[in-house]
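Q: missing the sequence, but the structure's below:
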């Protein structure tokens, strides 16, 4: 444990452990301890820097809390590892050493070349627990997944929640199984060759059970973001609190990466940013543990500094989400252009995001009403951008929480899968997307406080009515049925259930596409110069921007003897797509297609100087094919 660390001090083999708490807003702190039915209240020793310490204070099995000044009601430990009775109850001592890990030979899973699967523990299975999720891991292995990304699991008030209202950052929600079940889940993933990425939220705390301000200035006075008061990440003790939490996931839970929620809401000195401190801490732990550890930022800044190496003036994070590519794919297939999708109706949007990463790289954003973003240097590998066709935000933050599978045809979903899984970036799927799940994924909460629950529901409704949505389609997040509707229905894959054949076909398609991505090296080539694209505007651009799209991948773009594949996509109309010619007179062939009607037809190159033949890929509407050029 680092010097100055928060909470119970977990030494190797120690029976009696010290406990530390930073409490500059208290003059006196006492430890409330319950052990073997006996309640004790012990004075803690003041230490420099507004810390309070008590040596040999706690054992496994103890329940405890802190009494600040003359308050007789014990508060949970800000760095509590377990809250058996919820976020308002007493803390409990967790024992990380009690679990016997079986992953001693696990060396991690790199992000480059991987496919990520995002899931929410509470709705992934009927039971909604970590142990139940273990029973579905073989499905992910057969799908071809490399990394499982869990939405936040830390403690929140209530029984079910997306996880972004967490207040006990060091805990695992008890309804999911607590820390013991989390370790079993990670161990089971590693045994199957799956890495684990945990979504963590350091930019705000939830509205219920947040006692941090009682202890000290964990939050920034007079500064708030979309979700609540900003965290004072520039305060040394708060920064250490965050870095302690980051270390917890790597050390005690063996996770392989963290997804950092909305890092644009972390306000800090750009030249000494908390994100850089996180990257340094992660790299140090990776070196010590001798396994790959990953940090993925969610950011809407389109700022390449996040993923540039520290040696090049960047923060040194592993990767970041790229919403621009999602938006370009979404508009191309769905035709939806409202709100922030408007700019992506540009016929060149998908071409640009497929070859340069960001669409807004210093260009004007009509949604933001200003210039936005900066270009990604060509030297940055493309896999540092995580992209998706759907995710929890893009589904759950729609008024009805409707998936694309509820509005698009199977052929359109297949085209979307091709665009996502053949991109040069790191693709991600959202749970159930692989079979076109018909269950929505809606915004749900379970605030026990009636006032908070009512305010949440009314605020959600008002937000969507203001955007022009029919209020009748906006579900009440506090209604338990909203949560129940959002559970995956695994019976959609049952062979004896009527109507499941389409789900199994989509699942097969996703399995084949991921296997193709693994088998064809050009599809994981991360170099910007090895990705080129072309497109043609649709005849009726009012419906959808593109008639067809072509993505070329591979070293053959810069070297005549390099490998080259072309991904062709036809949207709402039939398409004849010219595939690049080959000077060595190789015979292009279709490696894989969504439709048996996909055909190759030779044509004469209009540029005799190249002495090469071109090939036309003929596709019916809403279809796609991957062609081996050479």
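A: Nice, thanks for sending it over. Model, not experiment: these values are computed from the prediction. Numbers count the residues shown, from 1 in each chain.
Q: mind listing what the residue nearest to residue 318 when sequence neighbours are not counted touches?
A: Spatial nearest neighbour of residue 318, excluding adjacent residues (Cβ to Cβ, 6 or more residues apart in numbering): residue 294 at 4.5 Å. Every residue, glycine included, has its C-beta placed from N, CA and C. Shown in contact with residue 294 (Cβ atoms under 8 Å, 6 or more residues apart in numbering): 110-111, 197, 256-258, 282, 318-319.
Q: and residue 294, how far is that from residue 232?
A: 26 Å (Cβ to Cβ, to the nearest Å).
Q: show me where this structure has helices.
A: Using DSSP state H, the helices of the chain run over residues 121-124, 130-134, 137-143, 178-191, 212-215, 236-251, 274-289, 323-334, 349-356, 392-396, 410-421, 450-466, 480-485, 501-519.
Q: hang on, the earlier thing: can you say which of the contacts of residue 294 are buried?
A: Buried subset of those (neighbour count, 16 or more other Cβ atoms under 10 Å): 110-111, 197, 256-258, 282, 318-319.
Q: list the ones among those that fall in strands.
A: 197, 257-258, 319 (DSSP state E).
Q: now, which of the residues you listed sits nearest residue 289?
A: Closest approach between those and residue 289, by Cβ to Cβ: residue 257, at 12.9 Å.
Q: in contact with that closest one, which residues?
A: Shown in contact with residue 257 (Cβ under 8 Å, 6+ apart): 111, 147, 195-198, 293-296, 318.
Q: what does residue 383 give?
A: When contacts are counted by Cβ under 8 Å, 6+ apart, residue 383 touches 111-113, 319, 424-426, 524, 526.
Q: now do 10 Å
A: With contact set as Cβ atoms under 10 Å, 6 or more residues apart in numbering, residue 383 has these partners: 110-114, 318-319, 424-427, 524-526.
Q: biggest separation within those residues, which pair?
A: Spanning the widest gap among these are 318 and 525, at 18.5 Å by Cβ to Cβ.
Q: residue 441 contacts residue 402, doesn't it?
A: Yes: at 8.7 Å, residue 441 counts as touching residue 402 under the criterion of Cβ atoms under 10 Å.
Q: what do these two both touch?
A: With Cβ under 10 Å, 6+ apart, residue 441 and residue 402 have common neighbours 395-396.
Q: tell me which of these two has more neighbours.
A: residue 441 (27 against 16; other Cβ atoms under 10 Å).
Q: what's the pLDDT at residue 611?
A: pLDDT, the model's per-residue confidence, is 41 for residue 611.
Q: again, but for residue 604
A: pLDDT recorded at residue 604 is 51.
Q: show me the shaky parts of this structure.
A: The model of the chain has pLDDT under 70 over residues 1-4, 11-14, 224, 582-586, 603-613.
Q: rerun at 50
A: 1-3, 605-611 (pLDDT under 50).
Q: and the end-to-end length of stretch 571-579?
A: Here the two ends of stretch 571-579 are set 17 Å apart, with distance taken as Cα to Cα, to the nearest Å.
Q: cool, stretch 20-27 as well?
A: Length of stretch 20-27, first residue to last, Cα to Cα: 15 Å.
Q: which parts of it are buried?
A: Judged by neighbour count using 16+ other Cβ under 10 Å, the buried positions of stretch 20-27 are 20-23, 26.
Q: for stretch 38-54, same thing?
A: Buried residues in stretch 38-54 (16+ other Cβ under 10 Å): 44, 51-52, 54.
Q: of those, closest to residue 433?
A: Closest to residue 433 out of the buried residues of stretch 38-54 is residue 51 (47.2 Å), distances taken as Cβ to Cβ.
Q: residues contacting the closest one?
A: Residues near residue 51 by Cβ under 10 Å, 6+ apart: 4, 6, 20-24, 29, 44-45, 237.
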